[in-house]
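Asks: Pasting the sequence and the predicted coordinates here, then a few questions.
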Amino acid sequence: MSKAAKEVRVRIAPSPTGNLHIGNARAGLFNYLFARSVGGKFILRVDDTDKERSTLDAEDAIYKGFEWLGIDWDEGPNKDGGYGPYRQSERSKLYADALNKMLEDGNAYYCFCSQDVLAEKRTDAEKAHEIYRYDEACRDIPLDEARKRVAAGERAVVRLKIPRDLSIVFTDLVRGEIVVNSSAFDDFVIAKPGGDPLYNFATVVDDHLMDISHVLRGQDHLTNTSKQILIYHALGYDLPEFGHLPLILDTKRKKLSKRAGAVYIGDFQEQGFLPEAVTNFIALLGWAPGDNREKMTLSEMVDAFKLERVQKSDAIFDMEKLMWLNGVYIREMDIPTLTSNLKPYLKNAGLVDDSTNEKWLESVMVLEQERIRMFSEAPEMFEFFFKDIEYSPKLLQVKQKEDSEISKALSRVKETLNLVDEWKASEIENSCRALVSEMGWKAGDLFMPIRIAVTGRKATPPLFETIEVLGRELSLSRIDKAIGLLKV
RNA sequence: GGCCCCAUGGUCUAACGGUUAGGAUGACACUCUUUCAAGGUGUAGGCAGGAGUUCGACUCUCCUUGGGGCUGCCA
């Protein structure tokens, strides 16, 4: 049958055991880009077969994560497309049928070995530096006998009866031909006692029943794919296409862990990254349009996306570059948007509240815009606009100048500023520059003490614009305070 | 240990047998400048190693080395 003629249907199938992980987000993004680029469907399936660890909250966090990134799906638990249910926990009947078929066909069997005994054998093997494999003790128990024992209440899992010495071959869309021999696997468990399906089994049943045409997932599933192909065979299903994406690694070259700082999409959101920047950045981890473009919108990425251009090797997550890209996006925002985005961070730091004048806040934002790379940097960097400043008087000192000179100079600045009639950066600058030349100082020698006096720090936005935004009253009182600090 | 995957500057990548190995980020320098950013310009930095194949290899093959993944009654 011609696969090319089939509708493209891809999916992301996260398990709701926590927030949306960056790796899952990227896998989702690639599936989304692929689907959209060829006019296919992108499905969100919830793999919640692990009842112990799955929660509805986590499921919700996953939706929120994808929504935040701007990745929408065509079918999912809350978006029926005729292939539901989309939660594995609601598809028990389907798995039971498939399991029964495998049992009947002799492709799977009940295993009564106790977990304890198996665990013991496993540790023994490890101690002896041998490879542990299930000893297939139950492989040949006749089905009717096994069923009687199960009916009598014996605890039994179901294992796949793996064909011996079978070459498993498939063509990976990103890596080419992959060959593994079935002897690499033992008869692994596909269903728990009671019939609850395990991942590899449930995934195959669902991907088949949902007509998934391409399975694109992280290369950490490469081994699973071979196992799953065995299940496809056992069930008599046609194989979908497979493609294994490179992994995202931390700076230690390990699968991204919490230590790397941010690993959940929510973390990036909290730290003040823009979803557009995050999406853009993670797309570039393992993919490139090929024309040196780096900054792209989602729809530009859809247009440029080609599965053949997906990288084979894993990518290290470079936070520095993400921050740069985020800064690029921030600089392109209009001020009202930037303000409303940044406000929660300032509020949270107790710097602004609802009574804060919006227009004034926007004038602060103008000065912040090209200086922050993520929103969470803003409160610390610009708190002097919002609250009293503290600094060491030493900062006011300038090489070659006596404290008394600086003190006197600041007094003159005060007088000068008092005479400025229109409180605008240009006016303020003109008068200060006039003062500098009158005093015969170097501009920097005077401007730095002023800067310290009004902001309490050495690195600030342009001085005169800062003074304008600070306002006459505050600026003058801070200069006054600085003069007091010099205690001459 | 076994099986599988991967390998271009620190990092993300371009190159699909013939290029002075390109871009971005990061670093450094210069520039702009009242500081910090942003911007502009420039510099340093790479085909992991070894055999082949070929007139010619970053590109193809093999080996070595290095890195990663999997090896659950998790997904």
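Replies: Perfect, I can see it now.

Asks: From now on I want contacts and neighbour counts done on CA atoms only, so please keep to that.
Replies: OK.

Asks: Give me the below-cutoff pLDDT ranges for chain A.
Replies: A:1-5, A:257-261, A:488 (pLDDT under 70).

Asks: Can you give me the distance of the residue lying farthest from the centre of it to A:Cys432?
Replies: Taking CA atoms, centre = their mean, the residue of chain A most remote from its mean C-alpha position is A:Glu438, at 56.5 Å. For A:Glu438, the distance to A:Cys432 (CA to CA, to the nearest Å) stands at 10 Å.

Asks: and the stretch 301-450 of chain A, which residues reach RNA strand B?
Replies: Counting by CA under 7 Å from any atom of the strand, the stretch 301-450 of chain A comes close to RNA strand B at A:309-318, A:320-321, A:324, A:328, A:370-372, A:443-444, A:447-448.

Asks: Okay, and which of these map to helices?
Replies: A:320-321, A:324, A:328, A:443-444, A:447-448 (DSSP state H).

Asks: biggest separation within those residues, which pair?
Replies: Farthest-apart pair in these is A:Lys321 and A:Ala443; separation 35.8 Å (CA to CA).

Asks: just to revisit the earlier point, quick one, which of the residues of the stretch 301-450 of chain A next to RNA strand B are buried?
Replies: The neighbour-count criterion (16 or more other CA atoms under 10 Å) marks A:310-312, A:314-317, A:328, A:371-372, A:447-448 among these as buried.

Asks: Show me which positions of stretch A:235-255 end up buried.
Replies: In stretch A:235-255, counting by 16+ other CA under 10 Å, buried: A:235, A:239-240, A:242-251, A:255.

Asks: Check the secondary structure at A:Asp165 for me.
Replies: Using DSSP: H, G, I helix; E, B strand; the rest coil, the secondary structure recorded for A:Asp165 is coil.

Asks: Next, it: phi, psi?
Replies: phi 50, psi 50 (degrees, to the nearest 10).

Asks: Now do the contacts for it.
Replies: For A:Asp165, the contacting residues are A:181-183, by CA atoms under 8 Å, 6 or more residues apart in numbering.

Asks: Among these, which one lies nearest to A:Asp60?
Replies: A:Ser182 (38.3 Å).

Asks: so the closest one makes contact with A:Ile168?
Replies: Yes: look at A:Ser182 against A:Ile168 with CA atoms under 8 Å: they come within range, at 6.5 Å.

Asks: Which parts of the stretch 51-200 of chain A are strands?
Replies: A:108-111, A:157-160, A:167-172, A:176-181, A:189-191 (DSSP state E, counting those that start in this stretch).

Asks: just so I know, which of the ones you listed lies nearest A:Gly456?
Replies: Using CA to CA, the strands of the stretch 51-200 of chain A put strand A:167-172 closest to A:Gly456, at 59.4 Å.

Asks: So which elements touch the closest one?
Replies: Other helices and strands packing on strand A:167-172, by 3 or more CA pairs under 8 Å, 6 or more residues apart in numbering; DSSP states H and E, are strand A:176-181, helix A:222-235, strand A:241-245.

Asks: now do 7 Å
Replies: If you count contacts as 3 or more CA pairs under 7 Å, 6 or more residues apart in numbering; DSSP states H and E, strand A:167-172 packs onto strand A:176-181, strand A:241-245.

Asks: Just want the angle from the longest one to strand A:241-245.
Replies: Strand A:176-181 and strand A:241-245 meet at an angle of 100 degrees, taking axes from the mean of the first three to the mean of the last three CA atoms, to 10 degrees as the criterion.

Asks: Starting from strand A:176-181, tell me which strands it pairs with and how they run.
Replies: Strand pairing for strand A:176-181, determined by DSSP bridges: strand A:167-172 (antiparallel).

Asks: What are the buried residues along stretch A:176-192?
Replies: A:180, A:182, A:185-191.

Asks: sorry, back to before: restrict the contacts of A:Asp165 to contacts with RNA strand B.
Replies: Within the contacts of A:Asp165, those near RNA strand B by CA under 7 Å from any atom of the strand are A:Asn181.

Asks: from the contacts of A:Asp165, which is closest to RNA strand B?
Replies: Comparing those against RNA strand B with CA to the nearest atom of the strand places A:Asn181 closest, at 6.8 Å.

Asks: Could you find the closest non-adjacent residue to that closest one?
Replies: A:Ser167 (4.5 Å; CA to CA, 6 or more residues apart in numbering).

Asks: Against A:Ile178, how distant is that neighbour?
Replies: 10 Å.

Asks: What parts of the stretch 101-250 of chain A come near RNA strand B?
Replies: Counting by CA under 7 Å from any atom of the strand, the stretch 101-250 of chain A comes close to RNA strand B at A:112-115, A:118, A:129-133, A:156-157, A:175-181, A:184, A:188-193, A:197-200, A:219-224, A:247.

Asks: Could you rerun that using 6 Å?
Replies: With CA under 6 Å from any atom of the strand as the criterion, the stretch 101-250 of chain A meets RNA strand B at residues A:113-115, A:131, A:157, A:175, A:178-180, A:184, A:189, A:192-193, A:198-199, A:219-224.

Asks: If any of those residues are buried, put those into a PyMOL selection.
Replies: Paste this into PyMOL to select the buried members of those, with burial taken from 16+ other CA under 10 Å:
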select buried, chain A and resi 113+157+175+180+189+198+199+219+222
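
Asks: SS state for the closest residue to RNA strand B within the stretch 101-250 of chain A?
Replies: Residue nearest to RNA strand B within the stretch 101-250 of chain A: A:Asp220 (3.0 Å; CA to the nearest atom of the strand). Here A:Asp220 is recorded as helix under three-state DSSP.

Asks: Quickly note the distance from the residue lying closest to it once chain neighbours are set aside to A:Asp314.
Replies: Distances taken as CA to CA, 6+ apart put A:Leu247 closest to A:Asp220, at 7.4 Å, once the chain neighbours are dropped. Separation of A:Leu247 from A:Asp314 (CA to CA) stands at 5 Å.
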